[in-house]
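*Asks:* Structure, please.
(2 chains)
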Protein chains: 2
Amino acid sequence: MATIEDVARRAGLSRTTVSRVINEHPYVSIAKKKKVMEAMEELGYVPNSAARSLRNQRTGVIAVLIPRVMNPFFSQLIETLEHAASESFHQLIICQTQYSAKKELMYLNLLKTRQVDGVILTSAENDWSVIEEYLDYGPIVLCNEFEERANVPMIFMNQKEAGYKATKHLIEMGHRKIAYCCGRYRSNVANAREEGFKKALAEAGIAFDEIDAFREAITSEDGIDIFNGIRSRGSNRPTAIFTGSDEVAAGIISEAARCNWNIPRDLAVTGFDNQVITELMNPRITTVEQPVCEMALKTMEVMMERIRLRQFTGREMHKFSMKLIIRESTKMQAELARIPY
Amino acid sequence: MATIEDVARRAGLSRTTVSRVINEHPYVSIAKKKKVMEAMEELGYVPNSAARSLRNQRTGVIAVLIPRVMNPFFSQLIETLEHAASESFHQLIICQTQYSAKKELMYLNLLKTRQVDGVILTSAENDWSVIEEYLDYGPIVLCNEFEERANVPMIFMNQKEAGYKATKHLIEMGHRKIAYCCGRYRSNVANAREEGFKKALAEAGIAFDEIDAFREAITSEDGIDIFNGIRSRGSNRPTAIFTGSDEVAAGIISEAARCNWNIPRDLAVTGFDNQVITELMNPRITTVEQPVCEMALKTMEVMMERIRLRQFTGREMHKFSMKLIIRESTKMQAELARIPY
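*Replies:* Here you go, the predicted model:
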């Protein structure tokens, strides 16, 4: 097994420099860091986390708390967080809260028992005053989540803009009666998105009727139920639907096809997250792309800094912009061909 | 916050009994266990893992190592493992190996540093002789993975049967030239599946041509490429394709639709894992359903036993059977209506 001396020899640098890179000492040039990383890669060298842990009281492990891995948005976020963590020689462990405040506390406890160096929260189930207490034991960074009172770094997308732009697009396609779907768990993320949705309607002078709100829409099966509900409504039904999930949108489209509805002519549908399924459905799904990769990189950068400086409190906001991807589920193919997007 | 005394009072049992349930003492009746769990649930009582850890040197945390959370089979497996772990008052942490032997070792190290009580391996990247050394520090259970030489519990599905039955179904549908897809990482799982595929061909007196093998098929994009490869081959092309992944199957079907091919008439397609997408595609996808839930429950049961008895070595095999779900991607709708399945 390769030693730290082997790495130093291969990189043509001193043992001290190699050790500094491994322990993320801030004053090492990027060129040297790169050389050390390449040498480590070539030799298959694995830093001894136990030894490192004894030296600096760290575990080299970051916990990321997510509601469920089965949600493709979160599994994609994890994928990118993992890459960013590896680059900083940290291991990522993933903890599912299942939207349970109790489970969230149990995982936050890993910080207290020093089993992890830091916690990334992608969704907060407890009141901030409860979460805040854990800042005595290590850094907490919010990623994808926003909390008015939080005195920690927050990395999130502009959800209001997303709700606004997707809805504005539907209005521009001529729709005046637009339904709204969201999940059953309330969060600042969902609230901001709905604010944007309603802002677009208000600007166009369209009133929103709560009968057009579906507030328990998470899976493709929910999408199937929503479609059948709309179908049975007769003349008073919406002509377009905004969803907060590509799975819900896919469920609607799949069931509509079985009932011989034409999407988007009979019902225009928008998804959310630009998951793989949006390109596999027929028609392909108009959706919101989140800058997941950029958000993950920024999250890990901020986390590493907080660990290094042992500075656990301090508000810091990083707001990212979204991109609307227009496809055939809202725009006829002929129109797409005519109007470049 | 509720205390252990509150739980005892609510359950109408002694403090000792409650404590035994929490610490998974083996000699507590199921009825009492149930009463205690209900009382804990009602009072929102969370066992203090730090205190428990001091008493019995345990963390209450189990690590499950998976290749990637983005693979829906693994995210579904995690979901069920998590439920089983919660019932035993254990926390699950998820670690992605990204098919890297080095990362696998780093996560196995959590056992050595006593950050977790046990490790579940859902896929093994290192040679068994390397993994075996970690058994000095705690239990390792293989789930979904099989290893000839492993002296630990193994919970897995009969992959050979899966390859065999899906292929036999294609042969029964009249196909004589059947292509084969698998991922690029070799494993005992993939090998057994291919064995079953080839056994079905051999029984029907069909020779397999390596030109019909696609050995880097993981994502829906791979499926699109595979379809286009087949399409360009002219008369010598397969009439059916066995895939080891619903995503690959969905990619093939989606691209085939864009090229106006009729599935299954022009190409019959089987998927693997019975993911949500199999029911959303048009036609719906014939696939193999793994008994994920049963496998997860058995895995956690065996893990708890090993932790309790502090018995880390000892071979134990639990082989589960699969179910072939026949849908329109291999069988015309008219045929499906005629022949009940």
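*Asks:* Count residues in the vicinity of residue A:223, would you?
*Replies:* Residues near residue A:223, counting by other CB atoms under 10 Å in any protein chain shown, number 30. All C-beta spots, glycine's among them, are computed from the backbone N, C-alpha and C.
*Asks:* the strands in the stretch 101-250 of chain A, which residues?
*Replies:* Under the criterion DSSP state E, counting those that start in this stretch, the stretch 101-250 of chain A contains strands at A:118-121, A:140-143, A:153-157, A:178-181, A:213-214, A:240-242.
*Asks:* With mean neighbour count as added columns, please give these in a markdown table.
*Replies:* A markdown table is the format used below for the strands of the stretch 101-250 of chain A (neighbours: other CB atoms under 10 Å in any protein chain shown):
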| stretch | mean neighbour count |
| --- | --- |
| strand A:118-121 | 27 |
| strand A:140-143 | 26 |
| strand A:153-157 | 24 |
| strand A:178-181 | 24 |
| strand A:213-214 | 17 |
| strand A:240-242 | 28 |
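*Asks:* Nearest to residue B:108, out of these?
*Replies:* strand A:118-121 (21.9 Å; CB to CB).
*Asks:* So which other helices or strands are in contact with the closest one?
*Replies:* strand A:61-66, helix A:101-112, strand A:140-143, helix A:292-309 (3 or more CB pairs under 8 Å, 6 or more residues apart in numbering or on different chains; DSSP states H and E).
*Asks:* Show me how chain A divides into domains.
*Replies:* A:4-47, A:59-157+A:291-321, A:159-290+A:324-336 (automatic domain parsing).
*Asks:* Mean pLDDT for these - can I get that in CSV?
*Replies:* Formatted as CSV, those follow (pLDDT from 0 to 100):
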stretch, mean pLDDT
domain A:4-47, 82
domain A:59-157+A:291-321, 92
domain A:159-290+A:324-336, 94
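*Asks:* returning to what we had before: dump the strands of the stretch 101-250 of chain A to a markdown table, plus distance to residue B:128.
*Replies:* Formatted as a markdown table, those follow (distance: least, CB to CB, whole Å):
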| stretch | distance to residue B:128 |
| --- | --- |
| strand A:118-121 | 34 |
| strand A:140-143 | 37 |
| strand A:153-157 | 41 |
| strand A:178-181 | 48 |
| strand A:213-214 | 51 |
| strand A:240-242 | 52 |
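*Asks:* Nearest to residue B:37, out of the ones you listed?
*Replies:* Comparing these under CB to CB, the one sitting nearest is strand A:118-121, at 27.3 Å.
*Asks:* can you tell me which helix or strand residue A:253 belongs to?
*Replies:* helix A:246-258 (DSSP states H and E).
*Asks:* can the helix or strand just after that helix be found next to chain B?
*Replies:* Once the chain leaves helix A:246-258, the next helix or strand it forms, by DSSP H and E, is strand A:268-270. No - Strand A:268-270 stays clear of chain B (CB under 8 Å from any CB of the partner chain), getting no nearer than 13.2 Å.
*Asks:* is stretch A:21-31 anywhere near chain B?
*Replies:* No - using CB under 8 Å from any CB, stretch A:21-31 stays clear of chain B, with a minimum separation of 13.2 Å.
*Asks:* what about that stretch, how long is it end to end?
*Replies:* 11 Å (CA to CA, to the nearest Å).
*Asks:* thinking again about what came up before, right, so of the domains of chain A, which gets closest to residue B:306?
*Replies:* The nearest among the domains of chain A, by CB to CB, is domain A:59-157+A:291-321 at 20.8 Å.
*Asks:* just how off-centre is that closest one within its chain?
*Replies:* On the basis of CA atoms, centre = their mean, to the nearest Å, domain A:59-157+A:291-321 sits 11 Å off its chain's mean C-alpha point.
*Asks:* ok, and for stretch A:255-266, which residues are buried?
*Replies:* A:255-257, A:261, A:263-264 (16 or more other CB atoms under 10 Å in any protein chain shown).
*Asks:* do stretch A:137-151 as well
*Replies:* In stretch A:137-151, counting by 16+ other CB under 10 Å, buried: A:137-147, A:150.
*Asks:* quick one: residue A:326 and residue A:226, what's the gap?
*Replies:* 22 Å (CB to CB, to the nearest Å).
*Asks:* Tell me which of these two has more neighbours.
*Replies:* residue A:226 (22 against 18).
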